[in-house]
Structure formats: C-alpha cells, structure tokens
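Q: Sequence first, predicted model second:
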Amino acid sequence: MTQVQIHFQLQRPLDESLLGKIEQVNTLYGIHRVRLSPAMDRVTVDYDATRLRPADVESALAGVGIPIAVQAA
C-alpha cells in the first residue's frame, strides 16, 4: 500500500447536502480519509495509490457533486 494525499480547492462553499456526500466518497475502495480544511475552502483526500490514480479521486468527488478544482501540491 502506498498512501498518498491530494488536495482540492473548493470552487464554492459546501451546503449541508454536499457535506453528507463527502461520506459517500469515504466508502470508495482505496480512499482512506476525506477531510475539510478548518476554513472549509479545501478538501484533502488520503488514498491508496496502488488502487487509485489522482484522476479517480477527482472523479469520485466530482461524481457526488463536490465542486472541486485540482490544486498543485
């Protein structure tokens, strides 16, 4: 297992329904943890790089409606 972190900038604040959808991303095989920054302007995802690529993580977040943009590490 190779644990990696990737950061995404939020394009707009999350409402209650979107906050709940973050939990759906946590259920994806290979994702270990999804965290919001204290300012609630970024999302950090810890994932297994032997199972997922950054594009897979981005797709999982976008797929549930999280308004993200890739942020340089």
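A: Structure received. Residues are numbered from 1 along each chain as shown.
Q: Quick check: the residue nearest to the spatial centre of the chain vs Ala62, distance?
A: Nearest residue to the geometric centre of the chain (C-alpha atoms, centre = their mean): Val45, 4.6 Å. Applying C-beta to C-beta, to the nearest Å, the value for Val45 to Ala62 is 12 Å. (C-beta placed from N, C-alpha, C; glycine too.)
Q: do the same with Gln5
A: For Gln5 relative to Ala62 (C-beta to C-beta), the value is 18 Å.
Q: same thing with Gln3?
A: Taking C-beta to C-beta, one finds Gln3 at 22 Å from Ala62.
Q: ranges for the helices of the protein?
A: Along the chain, the segments classed as helices by DSSP state H run 16-26, 54-63.
Q: Please identify the most buried of the ones you listed.
A: helix 54-63 (a mean of 16; mean count of other C-beta atoms under 10 Å).
Q: what's the angle between that helix and helix 16-26?
A: Note on geometry: by axes from the mean of the first three to the mean of the last three C-alpha atoms, to 10 degrees, helix 54-63 and helix 16-26 are set 150 degrees apart in direction.
Q: for helix 54-63, packing partners?
A: strand 3-10, strand 42-48, strand 68-70 (3 or more C-beta pairs under 8 Å, 6 or more residues apart in numbering; DSSP states H and E).
Q: Same list as before, those that is, but in CSV and with distance to Asn26 and mean pLDDT included.
A: Formatted as CSV, the helices and strands packed on helix 54-63 follow (distance: least, C-beta to C-beta, whole Å; pLDDT from 0 to 100):
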stretch, distance to Asn26, mean pLDDT
strand 3-10, 14, 94
strand 42-48, 9, 96
strand 68-70, 15, 79
